[in-house]
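Chemist: The following comprises the amino acid sequence and a computationally predicted model.
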Protein chains: 2
Amino acid sequence: MGDKRKTRIVYPSSEKVYVSGEINKIKVGMRRIKLTDTITIDSRGEEIRKKNNPVIVYDTSGPFSDSQVAVENGKGIPRFREEWYSRRKDIIRLDSLSSVYRVKPGKNLTQMYYAKRRVITPEMEYAAIRENQQIEDLGLKSYITPDFVRKEIAAGRAVIPSNINHPEAEPMIIGQKFLVKINTLINNPLPPYTMKEEVGKIAWCCKWGSDTLMDLSTGKNRHESRERLIRNSPVPFGTVPLYQALDKAGGNIEALSWDIYRNTIVEQAGQGVDIFTIHAAILREHMDTAFPRLNGIVSHGGSIMSKWMQIHKKENFLYTHFAEICEIVKAYDVIISIGDSLRPGAVYDANDAAQMAELRVMGKLINIAWKQFVQVMTESSGHLPMNKILDNVKERQYTCHNAPLYSYGPMTTDTACGYEYIASAIGAAQIAWQGTSLICCATPDRHSIIAHKIAAHAADLAKGHPGAQVRDNALSKARFESRRKDAQNLSFDPEQAAKYL
Amino acid sequence: MGDKRKTRIVYPSSEKVYVSGEINKIKVGMRRIKLTDTITIDSRGEEIRKKNNPVIVYDTSGPFSDSQVAVENGKGIPRFREEWYSRRKDIIRLDSLSSVYRVKPGKNLTQMYYAKRRVITPEMEYAAIRENQQIEDLGLKSYITPDFVRKEIAAGRAVIPSNINHPEAEPMIIGQKFLVKINTLINNPLPPYTMKEEVGKIAWCCKWGSDTLMDLSTGKNRHESRERLIRNSPVPFGTVPLYQALDKAGGNIEALSWDIYRNTIVEQAGQGVDIFTIHAAILREHMDTAFPRLNGIVSHGGSIMSKWMQIHKKENFLYTHFAEICEIVKAYDVIISIGDSLRPGAVYDANDAAQMAELRVMGKLINIAWKQFVQVMTESSGHLPMNKILDNVKERQYTCHNAPLYSYGPMTTDTACGYEYIASAIGAAQIAWQGTSLICCATPDRHSIIAHKIAAHAADLAKGHPGAQVRDNALSKARFESRRKDAQNLSFDPEQAAKYL
């Protein structure tokens, strides 16, 4: 390790600013976009200059955009949250072979546990501060207070992914009452980037606004590759541990077992994975319900588990061992995202009996997780025509006790091959407006990330998230006053905007 | 004129088929996509082949995709509708200088006139046949009968753009109960195409699915350029005559007059323009209502007319002469699309008093047009957050007596600079689902046209348009059975799909 090249993210006319916490000793990074003056000419032909306030926006770029922090490739980004641990009495470090943090015996350290104990953790305050985008400009008082965050976490309506072994990640909140977030899927092989290094891949996604990353890679050297990715990720990092477990079973579904799986999640939790997608809600009895489908089971994890159940004639081991899984992950505060094995792969299959049956199991699993104060969210979507989106969200909210919803898509038509990001952005904007907290960008492609950023922001506007419109107003004012550079700099992709504005 | 190069559109595994009318002597072009067989292996290891029905889809490519028709560049495409005129007693040809068709004195020839007289014209039957996409496959009987089309036209809820001087254009219907259509704006200079000729520009837009084209070009040689475009356009062609009128006034708004404008619409109607956007609904009294706006007046036509009113201290001449405009355009059956001078240019301005005031004037103008059986639709949208889309549509439908709505966007956020087509596709899909009949693709860029095609199709699915889902089902079945080529060919852009499927 150790490579003198540095990875930097530079946004035009922007600077990194830090806002300090009031309850905890924290400083929260944000991006301040400076604007030029409005210039008008008065009746005597003289120039009148009027200042335009800078606009502070949510920032996912972490230390990469801080000129004071040198991120040397290979060395990892600063483990800034580790500093907070010194004040904690719930964490121990396994200093035998690894340097893995875990919970002290007899303790619970999840955000949900503390939220229910009425403790405002640094993570909660950090997430709260990020949500408030200079809403004073609109004459409003910030309503996203640290205690509001705490209440939402306590109720299970929001989660803060923050594995104690990923202290490089900035806390952020996923929940219906907060800004809509974007998860970007990164697989191997990744597409070619302008920044070619491993750390560059992460920086690339964070630059365009990815709030979380999910690594769906399979194959060799997963541990090492994942290590490099996590050590450089300023945003929470997720995986589907089943994929690595299957790799460990030699790719043979029959050989897959609870033992292999358990070892895999212990390994990954120790590395710092913040979110585990777990396909625990598909049961043997669901197999029949998927038969009348046009497209059967399209979820990768779902088809692995359904084959496993067919071969072994046993119930899904992720379901039968779900309480043990919770027992393991809570030692690190890993979030469980319950995978949607039966999401529809065609609009024909949308909101069908199979999907609804799995939903009801998700509801049960959520109660099991919450008993142990494990933070949990649920996945779904797939292909859904627009007229079924609201029903889908309402049903999921009801069945899953208002746990945060993560949506893959929905694709609003099956015909968008090669343009999936368009059909997905159309559906994601609506489902996020209706109540989904996290939307998914299926490829780390720049246009796709920005498309989903636009969808998320459109949803924030429609939800009336306080402060969301500050950026739109500033940009529209800049356009109206022909301050082209300002309008470009306020856009999600200033370089692209410069070509058209 | 006369250029031996031929312009052809070829869709993979597709053939042009014609469906005959039952009431009128017409044949309606459609595209049939052939599919390969489904192959399964039985228990004895033998191959079982099962035929997949071809899928017939709506076709905007006109004669360009008919291998039997040679379109020589410069000569124009066949004037196939002219044949129908021989049976008509309402048309005369001015054979003095031009060869312009117009109504016989004392007659009315608009589609609305005939619809109210209970006559099913060839145009109505043609449009009806196009709407039905082999819905027998779904076990449904076609409900879009020629008489259903007639009733919708008679009620003013739908329009068929079909200027008698544009007999090259295939009749198509714009209305809430029909397939959502896409209008593509073509301006000079046009972006570079692979097909470089003038006719190629039209073919390009029609290839990707543009249902109508609107030429917003300004400057020299407009008449000649427009002539070449219309003579090669198999889809209805629209303009904003005000732009050419201003050119004729030397670009000087003060010099603009009703006389110049009247001459311009007579000229363009004689050439075969099917749709006139007319900014007749902005009045002097509206000027004040636009003052509190963040972005004032962003419509080009609207700002021309508002400046004209300021300079002359007179009411908008398009408003005061609206009945005369109707008198002129009905002689050719040109559709009036009432321009939205006060559409919001920022989400901050959405659904504001200015916009609503203009809407009420639109409602009055529609009644004036309908008295003369002039077909009419109304424009709107601009920037609208998602939560204001439904209100917007409901208000427009109510105020404008359910005349068809044409939407420009809406942009669901102001921040999508450089990615306008994404923010627009997100908004267009929803507004079309809620009731807009025609959505707008602001540039003839391939990705943008396909994005709006996806939006329109997603709306058709959500509206439950019978037959819309046939294509999705066939594509999903092909994907499920790993018939990759079939899935590609069923996609809106087979070439792009081939890169990802």
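Modeler: Arrived safely, thanks for sending.

Chemist: Okay, buried residues for stretch A:104-117 please.
Modeler: Across stretch A:104-117, burial judged by 16 or more other Cβ atoms under 10 Å in any protein chain shown covers A:N108, A:L109, A:T110, A:Q111, A:M112, A:Y113, A:Y114, A:A115, A:K116. Where you see a C-beta, it was placed from the backbone N, CA and C, and this is true even at glycine.

Chemist: okay, how far is it across that stretch, tip to tip?
Modeler: Separation of the first and last residues of stretch A:104-117 by Cα to Cα, to the nearest Å is 17 Å.

Chemist: With stretch A:328-335 instead?
Modeler: 11 Å.

Chemist: And that stretch, how far out from the chain middle?
Modeler: 17 Å (Cα atoms, centre = their mean, to the nearest Å).

Chemist: average pLDDT across that stretch?
Modeler: For stretch A:328-335, the mean pLDDT works out to 98.

Chemist: Please apply the same query to stretch A:301-308.
Modeler: 96.

Chemist: Output the below-cut-off pLDDT ranges for the stretch 51-200 of chain A.
Modeler: Where the stretch 51-200 of chain A drops to pLDDT under 70, the residues are A:73-74, A:96-98, A:134-142, A:188-197.

Chemist: now with 50?
Modeler: Residues of the stretch 51-200 of chain A meeting the criterion pLDDT under 50: A:191-195.

Chemist: export the buried residues of stretch A:104-117 to CSV and tack on secondary structure and distance to chain B?
Modeler: Shown next, in CSV, are the buried residues of stretch A:104-117 (DSSP: H, G, I helix; E, B strand; the rest coil; distance: Cβ to the nearest Cβ, whole Å):
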residue, secondary structure, distance to chain B
A:N108, coil, 40
A:L109, coil, 38
A:T110, coil, 34
A:Q111, helix, 31
A:M112, helix, 31
A:Y113, helix, 36
A:Y114, helix, 34
A:A115, helix, 30
A:K116, helix, 33
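
Chemist: Correct me if wrong: A:L179 contacts A:D460.
Modeler: Yes - here A:L179 lies in contact with A:D460, judged by Cβ atoms under 8 Å, at a distance of 5.6 Å.

Chemist: Common neighbours of these two, please.
Modeler: Common contact partners of A:L179 and A:D460 (Cβ atoms under 8 Å, 6 or more residues apart in numbering or on different chains): A:A468.

Chemist: residues touching A:S65, list them.
Modeler: Applying Cβ under 8 Å, 6+ apart, we find A:S65 in contact with A:R8, A:I9, A:V10, A:Y11, A:S14, A:K16, A:G29, A:R31, A:D59.

Chemist: Mind telling me what element A:E152 is part of?
Modeler: helix A:146-154 (DSSP states H and E).

Chemist: in that helix, what counts as buried?
Modeler: Going by neighbour count (16+ other Cβ under 10 Å), the buried part of helix A:146-154 is A:P146, A:F148, A:V149, A:R150, A:K151, A:E152, A:I153, A:A154.

Chemist: At the geometric centre of chain A, which residue do we find?
Modeler: A:T212 (3.3 Å; Cα atoms, centre = their mean).

Chemist: Confirm for me that that residue is in contact with A:P236.
Modeler: Yes - with contact defined as Cβ under 8 Å, A:T212 and A:P236 form a contacting pair (4.6 Å).

Chemist: Give the intersection of the neighbour lists for those two.
Modeler: Shared contacts of A:T212 and A:P236, counting by Cβ under 8 Å, 6+ apart, come down to A:P161, A:M172, A:D274, A:I275.

Chemist: residue contacts, the residue lying closest to the last one once chain neighbours are set aside?
Modeler: Right, A:I275. The spatially closest residue to A:I275, leaving aside those adjacent along the chain, is A:G238, at 3.4 Å (Cβ to Cβ, 6 or more residues apart in numbering or on different chains). Neighbouring residues of A:G238 by Cβ under 8 Å, 6+ apart: A:P161, A:N183, A:T212, A:L213, A:M214, A:D215, A:V273, A:D274, A:I275, A:F276, A:T277, A:S337.

Chemist: try 7 Å this time
Modeler: The neighbours of A:G238, taking Cβ atoms under 7 Å, 6 or more residues apart in numbering or on different chains as the test, are A:T212, A:L213, A:M214, A:V273, A:D274, A:I275, A:T277, A:S337.

Chemist: for stretch A:347-365, the distance to its chain's centre please.
Modeler: 23 Å.

Chemist: Mind listing what's buried along the helix or strand containing A:I366?
Modeler: Assigned by DSSP H and E, A:I366 belongs to helix A:353-371. Going by neighbour count (16+ other Cβ under 10 Å), the buried part of helix A:353-371 is A:354-355, A:357-359, A:361-363, A:365-366, A:368-370.

Chemist: Closest one of the residues you listed to A:V103?
Modeler: A:A369 (15.8 Å; Cβ to Cβ).

Chemist: In space, what's closest to that closest one - neighbours in sequence excluded?
Modeler: Going by Cβ to Cβ, 6+ apart, A:A369 has A:V376 as its nearest residue, at 4.3 Å.

Chemist: What separation do you get for the one you found and A:A442?
Modeler: 23 Å (Cβ to Cβ, to the nearest Å).

Chemist: Of these two, which one has the most company?
Modeler: A:V376 (25 against 18; other Cβ atoms under 10 Å in any protein chain shown).

Chemist: Backbone dihedrals for the more buried one, both of them.
Modeler: Dihedral pair for A:V376: phi -140, psi 150, per degrees, to the nearest 10.

Chemist: one step back: format the buried residues of helix A:146-154 as TSV; extra columns: distance to chain B.
Modeler: Below are those laid out as TSV (distance: Cβ to the nearest Cβ, whole Å):
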residue	distance to chain B
A:P146	28
A:F148	22
A:V149	24
A:R150	28
A:K151	25
A:E152	22
A:I153	27
A:A154	29
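
Chemist: Spatially, which two of those residues are the most separated?
Modeler: Across the buried residues of helix A:146-154, no pair lies farther apart than A:P146 and A:A154, at 12.5 Å, counting by Cβ to Cβ.

Chemist: Let me see the mean pLDDT of the helix holding A:I366.
Modeler: With pLDDT averaged residue by residue, helix A:353-371 scores 96.

Chemist: tell me what it is packed against?
Modeler: In terms of contacts (3 or more Cβ pairs under 7 Å, 6 or more residues apart in numbering or on different chains; DSSP states H and E), helix A:353-371 is packed against helix A:286-289, helix A:322-329, strand A:335-338, strand A:376-383, helix A:389-399.

Chemist: let's go with 10 Å and repeat that
Modeler: Packed against helix A:353-371 by the contact rule (3 or more Cβ pairs under 10 Å, 6 or more residues apart in numbering or on different chains; DSSP states H and E) you find helix A:111-116, helix A:286-289, helix A:317-320, helix A:322-329, strand A:335-338, strand A:376-383, helix A:389-399.

Chemist: so A:Y18 sits in a strand?
Modeler: Yes - membership of A:Y18 in a strand is supported by DSSP: H, G, I helix; E, B strand; the rest coil.

Chemist: in the sheet, who's paired with the closest residue to it other than its chain neighbours?
Modeler: In this structure, A:Y18 finds its nearest non-sequential neighbour in A:K27, 4.1 Å apart by Cβ to Cβ, 6+ apart. Taking DSSP bridges as the rule, A:K27 bridges to A:S20.

Chemist: so how far is A:Q372 from A:K27?
Modeler: Here A:K27 is placed at a distance of 32 Å from A:Q372 (Cβ to Cβ).
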